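Student: Have a look at this prediction, sequence included:
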Amino acid sequence: MAETLGVNGPLIVANGGCVMTVDGEVLKEFPMREKDVESAYAIVKDCGALITSYVRGAIYRLNTWTMDNRPPEKLSYFGGDVFDVVDDDPARFQQEALEGVYKMEVYSNDTALLAELREKLVKAGLSVSSSFKTNIEITSPGLGKGQAVAWLARYLGIDREQVMCFGDNTNDASMLRAAGVGVAMGNAVAELKAQANLVAPPCAEDGLARLLRDCVFDEEA
């Protein structure tokens with residue numbers, strides 16, 4: 001998307017785990033603590049759902065067959081020129097996917113399973129959020145998009161009051177709190193809307209563009 005739009009500035013990826021340029025140069029990393037990775041993997045490894053681990057340059061996935069009926073989650077934003085994808089290789093997962101982890105995920109259509117895993121992960125002291133109703137995202141406490149946004153603002157010399165962030169799910173909450181203006185999309189979950197300074201129209205109605213036009217550029221439709 002960044003290449004399509006001609007965006008050349010830094011990108012925050014992997015739920016705030018890394019700040020990088022469009023061509024893949026790493027500017028800053030916020031990896032999970034080793035003990036948290038061990039705890040998270042011990043809880044999710046035998047769940048039978050799609051498990052992902054994001055590290056520098058690669059996304060490792062197990063049990064990809066479980067999401068064959070959901071091609072958007074299986075194929076949409078994974079891979080590309082920056083991240084290689086390593087599928088269903090337990091040996092490589094053990095050797096390469098449990099160190100320097102930006103985030104881990106579990107994808108499943110079984111909401112009861114996700115709720116059970118969330119409870120266990122939170123009880124173990126991990127931070128758990130979601131970007132879709134079919135997933136949970138796991139990081140160490142204190143990590144996430146908010147910390148990355150704050151770092152990037154300092155890196156670019158931008159005051160917090162000049163930062164505007166948009167989100168639609170619980171993994172965006174810390175980012176909205178870190179911004180001077182936190183915006184929830186009209187299609188966002190209620191929990192995020194409650195924390196936002198503003199609520200934009202839904203994505204399907206070009207809500208982000210419309211809010212920028214009206215509130216930042218002060219233009220008329």
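Tutor: Alright, I've got the coordinates.

Student: State the distance from residue 180 to residue 10.
Tutor: Here residue 180 is placed at a distance of 18 Å from residue 10 (C-beta to C-beta, to the nearest Å). C-beta: built from backbone N, CA, C; applies to glycine.

Student: Burial check on the closest residue to residue 141 other than its chain neighbours, number of neighbours?
Tutor: Of all residues not flanking residue 141 in the chain, residue 127 sits nearest, at 4.9 Å (C-beta to C-beta, 6 or more residues apart in numbering). As a burial measure, residue 127 scores 21 neighbours (other C-beta atoms under 10 Å).

Student: again with residue 156
Tutor: 11.

Student: Can you check the pLDDT for it?
Tutor: pLDDT recorded at residue 156 is 95.

Student: same thing with the one 10 residues further on?
Tutor: pLDDT recorded at residue 166 is 96.

Student: Show me what secondary structure element comes after the worst-scoring helix or strand of the chain on mean pLDDT.
Tutor: None of the helices or strands of the chain scores lower by mean pLDDT, DSSP states H and E than helix 71-75, at a mean of 48. Downstream of helix 71-75, the next assigned helix or strand under DSSP states H and E is strand 84-87.

Student: buried ones in that next one?
Tutor: Across strand 84-87, burial judged by 16 or more other C-beta atoms under 10 Å covers residue 86.

Student: Just the buried residues of stretch 138-152, please?
Tutor: Under 16+ other C-beta under 10 Å, the buried positions of stretch 138-152 are 138-140, 143-152.

Student: One more: stretch 192-204?
Tutor: So stretch 192-204, judged by 16+ other C-beta under 10 Å, has buried residues 192-193, 195-196, 199-201.

Student: try stretch 2-13
Tutor: In stretch 2-13, the ones that count as buried by 16+ other C-beta under 10 Å are 10-13.

Student: again, but for stretch 99-106
Tutor: For stretch 99-106, by 16+ other C-beta under 10 Å, it's 100-106.

Student: Show the average pLDDT along it.
Tutor: Mean predicted confidence for stretch 99-106 is 97.

Student: How about residues contacting that stretch?
Tutor: Stretch 99-106 is contacted from outside by 13-15, 17-18, 29-32, 34, 37, 40-41, 44, 47, 49-56, 114, 117, 135-139, using C-beta atoms under 8 Å, 6 or more residues apart in numbering.

Student: All the strands of the protein, residue numbers only.
Tutor: 11-13, 18-20, 26-29, 50-55, 58-62, 84-87, 103-107, 127-129, 135-139, 164-167, 181-184, 198-199 (DSSP state E).

Student: Ranked by average pLDDT, which of those falls at the bottom?
Tutor: Taking the mean pLDDT of the strands of the chain, strand 84-87 comes last: a mean of 88.

Student: That one: partners in the sheet, and parallel or antiparallel?
Tutor: strand 58-62 (parallel) (DSSP bridges).

Student: Next, the residues that contact the partner strand from outside, please.
Tutor: 45, 50-53, 78-79, 83-90, 92-93, 96-97.

Student: Check stretch 190-197 too.
Tutor: Against stretch 190-197 from outside (C-beta under 8 Å, 6+ apart): 167-170, 172-173, 176-177, 181-184, 188, 199.
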